[in-house]
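Enquirer: have a look at this prediction, sequence included:
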Amino acid sequence: LGEFDLLQHAQDDIREHIWAKPAVREATAKFFKLCRTKEEIARLNVEICSIHDEEVEVSQTITKLRRSDPLLAHELHHLHRPRAAVNTIHIHCLNNIEK
C-alpha cells in the first residue's frame, strides 16, 4: 500500500485499518472467489440441463421424422452426431467433477 503516492500523503495511516491487513485481504479475496464459484456452479447446472434437454428433443424429432421423412431424419442424425459426441464428453467430464 505504501507504493501509492496518493496514499503516502494521506492524513490517516491506512495500514492500520483492518481491511489493509494481509490476512483480511486474503480472506476477502477467497470469500469473493467462493461467491463466483457458486455462481459458476449454478450456470453449469443450467448448461447441463440445456444439453440434456437438447439431446432429448433432437432424439424425439429424429424418431418422429423417421416415420414421416426418413431422408430428413437421416440428415438431421448425421448433422447432430458430432455435437452429440461433444455433449457426451462434456457431460462425462462434468459427472467426474461432481464425484
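Expert: The structure has been received and is ready for your questions. Numbering: from 1, shown residues only.

Enquirer: C-terminal to whichever strand or helix holds Q60, what's the next element?
Expert: Using DSSP states H and E, the element containing Q60 is helix 22-68. The helix or strand immediately downstream of helix 22-68 is helix 70-98, counting by DSSP H and E.

Enquirer: quick one, that next one and helix 22-68 angle?
Expert: 160 degrees (axes from the mean of the first three to the mean of the last three CA atoms, to 10 degrees).

Enquirer: residue ranges in this structure under the pLDDT threshold?
Expert: For the chain, the stretches with pLDDT under 70 are 1-14.

Enquirer: hmm, try it at 50
Expert: 1-2 (pLDDT under 50).

Enquirer: let me see the backbone angles for K21.
Expert: For K21, the backbone dihedrals are phi -80, psi 140 (criterion: degrees, to the nearest 10).

Enquirer: for it, give its distance to H74.
Expert: 66 Å (CB to CB, to the nearest Å). (Each C-beta comes from the backbone N, C-alpha and C, glycine too.)

Enquirer: how about R25?
Expert: Using CB to CB, one obtains 60 Å as the distance from R25 to H74.

Enquirer: go on, D53?
Expert: Distance of D53 to H74, given as CB to CB: 23 Å.

Enquirer: out of those two, which sits in the busier spot?
Expert: H74 (13 against 10; other CB atoms under 10 Å).

Enquirer: contacts only, for that one.
Expert: By CB atoms under 8 Å, 6 or more residues apart in numbering, no residues touch H74.

Enquirer: 10 Å instead, please
Expert: With contacts defined as CB atoms under 10 Å, 6 or more residues apart in numbering, the neighbours of H74 are I62, L65, R66.

Enquirer: tell me how many other residues surround the last one.
Expert: Just to be clear, that refers to R66. R66 has 14 neighbours, counted by other CB under 10 Å.

Enquirer: got it, and the first one?
Expert: Counted with other CB under 10 Å, the burial measure for I62 works out to 16 neighbours.
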